[in-house]
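In: below are the sequence and a predicted model for it; my questions follow.
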Amino acid sequence: MTGQSIIPSREKQLEMLQTMLKIRHFEMAAGQLYKRGVLKGGVHACIGQEAIPVGISAHLHRDDYITSTHRGHGHHIAKGADVRRLMAELMGKETGYCKCRGGSMHVAAFDVGSLGAYPIVAAGVPIAIGAAYSIMHRGSDQVVVAYFGDGALGQGTIYEAFNLASIWRLPVIFTCENNYFAVSTKTEATVALKDIPGFAASFGIVGKRVNGQNVLDVYNAAGEAVDRARKKEGATFLFFDTYRFEGHYFGEPEIYRSREEVQKSKDELDPITLYIATLINSGMISKQAIEAMEKDCQREIDEALAFAQQSPLPNPDEYARYVYA
Amino acid sequence: MSMPDKDISTRKLSYLMAIREAMQEEMRRDKNVILFGEDVERHGGGFGVSKELWEEFGDQQVRNMPISENCMAGLALGAAMTGCRPILEFMFMDFSALAIDQICNEAAKIHYMYGGQTNAPIVYRCPQGGLSYKSAGAHHSQSLEAWYVHVPGLKVVFPGTPYDAKGLLKAAICDPNPVVFIEHKALYNNEGIVPEDEYIIPLGKADVKRTGSSITVIAYGYMLQFALEAAEKLMPEGIDVEIIDPRTLNPFDEECFFESVRKTHRVVLIQEACRTGGVTAEWGMRIEEECFDWLDAPIVRVAGEDVPIPYAQSLEEKVWPNISKIIAAIKNVCYFN
Ligand SMILES: Cc1ncc(C[n+]2csc(CCOP(=O)(O)OP(=O)(O)O)c2C)c(N)n1
């Protein structure tokens, strides 16, 4: 891959920062709700991993598709999902995206092209292939992004999907977020895959390992992949190195890593801090403007919280609604 | 679409051809109806059911798949949520086990867990069963309908005649929900009247295959054939058997069962599948809950034995229900007092 690095417009760059901040604030608000006992069930935050969906979605249209995972809030917000309906879903309210039949782990936002979060590890990947197939069938120029974690590389269905995507030249971008852990298990302990480009090439598709903490690197890699998919030139496997700052889910004890390791990562690998430094150095934005942006995000999340809090609970008598279409 | 009178039509078609014709008509009507499966193109799938469809519809609507059942089922779901109406052929029902995640965890639930935002119009065609399809052994003869009946969000259909096969498959393809459509391998060559005129049989409706007054026998799939033969043999003894084929196993037409039981007061339920946890257990329980006061005898089941399907024909015959087991059960219930 010789693709020259493209510098996105200032407007695009600020928009990307804004979205990363929005995701961060959303996740922090969810963390607070969890601590206060408002949220139940597994809530998996993507704090530390925000650059990946943001750099990718910067190239996506509203009608492009994504399939997501249990760690999917960021995927959805980056794709343009309404944070009010997302928050309401987490809080079990009727105004949630899925009328709160789904929850954090099983959210979907069809209005912005999310075909859903599939918390069965790797299950969304063959579904993404199906959406890509239907794009080919309809002759449209949409693309599909299939998000999955490093843990999903243990599932055979991933390789089945790679195989088919190559055979049928499907417009799909396989997006692995390697945050170095599957719950407590280090990637290297269970995943043999090392050479991403070589591995992908053996399937006849392009593969690239990318620094997932640098949103501009993500943006560039995703740009090539999305372009390839739109032109029907085949699938791409993007393998992003990243790090998750929170436990596997809120409240998870994290006995498998030291506080020092986490703190070091927060200090050195925070995609938002890194990006802000780049933007300030290049003179694209001032410190005051960033503060204003943070305030905007906070306001938007506060509004989402208020919306969710004021929304009605689902009617228990409707528990059987939506079993059959 | 009106129901053509099958008593007037004289055209005979095999169960296999009836299924093919249903797919062909729906694929002509809607180019988003796509058949996916292993060897479904020229080869016509595992049993030749889709032969000639690839020649007519090409790659656009008939696609060979790699041997990747779970991926194939996931693909069907992704395609279904974005405008296609996939028909998926599993070469054998037994192999659907590899796709259970995508069928039961995903497709069955997406309408519910996503709060009505989407739905999955998929038909999983599953050839199953043994009997005259002999000596196929443990991985090629099972009857697995109960696995899928247990999953809310899925519909499960199992026709016992060519007429039902065609009308039900057309309904399944048009249904907005995922439908497990079971085909009995030993029925593929059975012939029956299938009118030329287009018709559809709504899902969830049972059919009274034989009216009678002495006892209600509920049988489906290949067991319908056995029940019909048993009924003829019992006629000289003065036992007049009513036979109901539910045709759709989920949702099943319990009202039809209850109505018949209130008339005959006696019930025998038949399934080819192994006994424990089978669908007839559910039906028996429902009948007991609703019609207890109407029953003159205990409800009796005839079912397969709780063993993996063996290879040797002498063993197979021991495991499956047969006409004499059915006759014995009916007599037991009729002579109970
Ligand atoms: C099929 C399946 N097996 C096990 C689990 C339990 N589980 C939930 S998340 C997870 C780890 C996933 O790791 P990874 O794919 O790397 O994603 P991450 O959580 O790191 O974002 C496991 C084992 C599951 N949800 N699905």
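Out: Perfect, thanks for sending it.
In: state the pLDDT value of the residue in the stretch 101-250 of chain B positioned nearest to the ligand.
Out: Nearest residue of the stretch 101-250 of chain B to the ligand: B:Asp101, at 7.4 Å (C-beta to the nearest ligand atom). Every residue, glycine included, has its C-beta placed from N, CA and C. On the pLDDT scale, B:Asp101 is placed at 97.
In: tell me, how many residues neighbour it?
Out: 19 (other C-beta atoms under 10 Å in any protein chain shown).
In: quick one, grab the pLDDT at A:Gln4.
Out: 71.
In: that older thread, the residue of the stretch 101-250 of chain B closest to the ligand contacts A:Ala123, doesn't it?
Out: Yes - B:Asp101 is within contact range of A:Ala123, at 6.0 Å (criterion: C-beta atoms under 8 Å).
In: distance of the residue of the stretch 101-250 of chain B closest to the ligand from A:Ala229?
Out: Note on B:Asp101: its distance to A:Ala229, by C-beta to C-beta, to the nearest Å, is 26 Å.
In: one step back: so the residue of the stretch 101-250 of chain B closest to the ligand: helix, strand or coil?
Out: Using DSSP: H, G, I helix; E, B strand; the rest coil as the criterion, the local structure at B:Asp101 reads helix.
In: the residue nearest to B:Ala273 when sequence neighbours are not counted sits in which helix or strand?
Out: Excluding the flanking residues, the one nearest B:Ala273 by C-beta to C-beta, 6 or more residues apart in numbering or on different chains is B:Ser143, at 3.6 Å. Under the assignment given by DSSP states H and E, B:Ser143 is not contained in any helix or strand.
In: pretty sure B:Ser143 is touching B:Glu272, no?
Out: Yes - with contacts counted by C-beta under 8 Å, B:Ser143 reaches B:Glu272, the gap being 4.8 Å.
In: tell me how many other residues surround the residue of the stretch 151-300 of chain B found nearest chain A.
Out: Nearest residue of the stretch 151-300 of chain B to chain A: B:Pro176, at 3.8 Å (C-beta to the nearest C-beta). Neighbours of B:Pro176 under the rule other C-beta under 10 Å: 13.
In: quick check, it in contact with B:Asn119.
Out: Yes - under the criterion of C-beta under 8 Å, B:Pro176 makes contact with B:Asn119 at 4.9 Å.
In: overlap in contacts, the two.
Out: Here B:Pro176 and B:Asn119 share the contacting residues A:Ala325, scored by C-beta atoms under 8 Å, 6 or more residues apart in numbering or on different chains.
In: B:Val180 belongs to a strand?
Out: Yes - per three-state DSSP, B:Val180 lies within a strand segment.
In: contacts only, for it.
Out: Counted by C-beta under 8 Å, 6+ apart, B:Val180 has contacts B:96, B:103, B:124, B:126, B:145, B:148, B:154-157.
In: so it bridges to which residues?
Out: With DSSP bridges applied, B:Val180 shows beta-bridge pairing to B:Tyr124, B:Val156.
In: closest residue of the stretch 1-150 of chain A to the ligand?
Out: Closest point on the stretch 1-150 of chain A to the ligand, by C-beta to the nearest ligand atom, is A:Gly149, at 2.3 Å.
In: before we move on, back to that, tell me the secondary structure at the residue of the stretch 151-300 of chain B closest to chain A.
Out: Under three-state DSSP, B:Pro176 falls in the coil class.
In: pLDDT wise, what is it at?
Out: 98.
In: and the closest residue to it other than its chain neighbours, what does it touch?
Out: Excluding the flanking residues, the one nearest B:Pro176 by C-beta to C-beta, 6+ apart is A:Ala325, at 3.8 Å. Neighbour list for A:Ala325: B:111, B:116, B:119-121, B:176-177 [criterion: C-beta under 8 Å, 6+ apart].
In: again, but for A:Ile52
Out: A:74, A:175, A:177, A:212, A:218, A:240, A:242.
In: can the strand or helix carrying it be found next to the ligand?
Out: When secondary structure is defined using DSSP H and E, the element that contains A:Ile52 is helix A:51-57. No - on the criterion C-beta under 6 Å from any ligand atom, helix A:51-57 is out of touch with the ligand, staying 10.8 Å away.
In: average pLDDT for that helix?
Out: 98.
In: do stretch A:251-263 as well
Out: Rounded mean pLDDT across stretch A:251-263 is 95.
In: give me the contacts around that stretch.
Out: A:34, A:181, A:183-186, A:245, A:247-248.
In: one more pass at 7 Å, please.
Out: With contact meaning C-beta atoms under 7 Å, 6 or more residues apart in numbering or on different chains, stretch A:251-263 is reached by A:34, A:184, A:245, A:247.
In: helices or strands next to the host helix or strand of the first one in the packing?
Out: A:Tyr34 belongs to helix A:10-35 when assigned by DSSP H and E. With contacts defined as 3 or more C-beta pairs under 7 Å, 6 or more residues apart in numbering or on different chains; DSSP states H and E, the secondary structure elements packing on helix A:10-35 are helix A:51-57, helix A:73-78, helix A:83-90, helix A:271-281, helix A:287-310.
In: could you check the angle it makes with helix A:83-90?
Out: 20 degrees (axes from the mean of the first three to the mean of the last three C-alpha atoms, to 10 degrees).
In: which parts of the stretch 51-200 of chain B sit against chain A?
Out: B:66, B:68, B:70-71, B:74-79, B:81-84, B:101-102, B:105-106, B:110-119, B:152-153, B:176-177 (C-beta under 7 Å from any C-beta of the partner chain).
In: quick one: low-confidence ranges for the stretch 151-300 of chain A?
Out: Of all residues in the stretch 151-300 of chain A, none has pLDDT under 70.
In: what about the residue in it that chain B sits nearest to, distance to A:Pro126?
Out: Relative to chain B, the nearest point of the stretch 151-300 of chain A is A:Glu160 (3.4 Å; C-beta to the nearest C-beta). As judged by C-beta to C-beta, A:Glu160 and A:Pro126 stand 7 Å apart.
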